[in-house]
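A.B. asks: coords below, sequence missing:
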Ligand SMILES: O=C(O)C(=O)C[C@]1(C(=O)O)C=C[C@@H](O)C=C1
């Protein structure tokens, strides 16, 4: 009886100073691991140069990042939220890219200075971390031109007042939409990140398609649905329409062949894709 009673007594809670000692020990271990992870960046940059062939290629691998984040958020945890896990690893990746890009001046975020919302800056920092430098350019077209340089990432608003800058990517095949901003929301994106890299499929992506079709947004959504593409209208301006297509849709997908289906528009195409996190 006495034994049972003792077994049921809850353990006495740790004092605040004991808890702080545990935090100090965990922090020391975390710091060692963060440093160990960061120290791999130099070797990764060298391996990319060796194996990729192009020493000037963009160091960013959004597909790898998405798969790594999904794997982590898919793991069972006691207390850490998905949001905290994503934010911490985004910073770890940002630090890795800072070290990888040290010899080339690091990554730079270009914003369109006409976007006064400030929100895009916040969302871009959530996505690309604290390491990249940033600056504003007078016109969206200058942001696109800067993004031809693999050290630059362009950040542009989907507010119609920014114009149909996204339609210009039809003539800029080396610059693609790589990410929707804000990144982790079920709502329509408010902006895009663009860069000189080719998005790769991650198993859960949204692709972006532009068209000058004269059909209404609803009719075009319907037509795309008939062709097996789940489409969501995102933005229209200057006679151009922008849609998100569920999945990784290749630029030469026969379902988007506007020669076979004239109603898809005479000027149309896929301008990139972003992984869902
Ligand atoms: O796997 C790579 O290619 C890396 O450069 C490593 C790493 C990372 O820190 O995990 C960093 C940047 C990339 O965008 C993706 C992942």
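C.D. replies: That came in fine, so what should we check first? Remember, it's a predicted structure, so these values are computed and weren't measured experimentally. Numbering: from 1, shown residues only.

A.B. asks: Number of residues surrounding residue 109?
C.D. replies: Per other CB atoms under 10 Å, the neighbour tally for residue 109 reads 22. For glycine as for every other residue, the C-beta is placed from the backbone atoms N, C-alpha and C.

A.B. asks: Three-state assignment for it, please.
C.D. replies: With DSSP: H, G, I helix; E, B strand; the rest coil as the basis, residue 109 sits in strand.

A.B. asks: I'd like to know how far residue 164 sits from residue 242.
C.D. replies: With distances taken as CB to CB, to the nearest Å, residue 164 is found 8 Å from residue 242.

A.B. asks: Report the set of residues contacting both of those two.
C.D. replies: Common contacts of residue 164 and residue 242, defined by CB atoms under 8 Å, 6 or more residues apart in numbering, comprise residue 210.

A.B. asks: out of the two, which sits in the more crowded spot?
C.D. replies: Applying other CB under 10 Å to residue 164 and residue 242 shows that residue 242 carries more neighbours, namely 23 against 18.

A.B. asks: State the distance from the more buried one to residue 46.
C.D. replies: Counting by CB to CB - residue 242 and residue 46 are separated by 39 Å.

A.B. asks: again with residue 88
C.D. replies: Per CB to CB, residue 88 is found 26 Å from residue 46.

A.B. asks: In terms of packing, which of these two has more residues around it?
C.D. replies: Taking other CB under 10 Å, residue 88 and residue 46 do not tie; residue 88 has more neighbours (14 against 11).

A.B. asks: That one: what's it in contact with?
C.D. replies: Under the criterion of CB under 8 Å, 6+ apart, residue 88 has no neighbours.

A.B. asks: For this structure, which residue gets nearest to the ligand?
C.D. replies: Among the residues of the chain, residue 96 lies closest to the ligand, at 3.4 Å counting by CB to the nearest ligand atom.

A.B. asks: what sits opposite residue 133 in the beta ladder?
C.D. replies: residue 108 (DSSP bridges).

A.B. asks: That one and residue 106 touch, don't they?
C.D. replies: Yes: with contacts counted by CB atoms under 8 Å, residue 133 reaches residue 106, the gap being 6.6 Å.

A.B. asks: Neighbour count for those two, which is higher?
C.D. replies: residue 106 (16 against 11).
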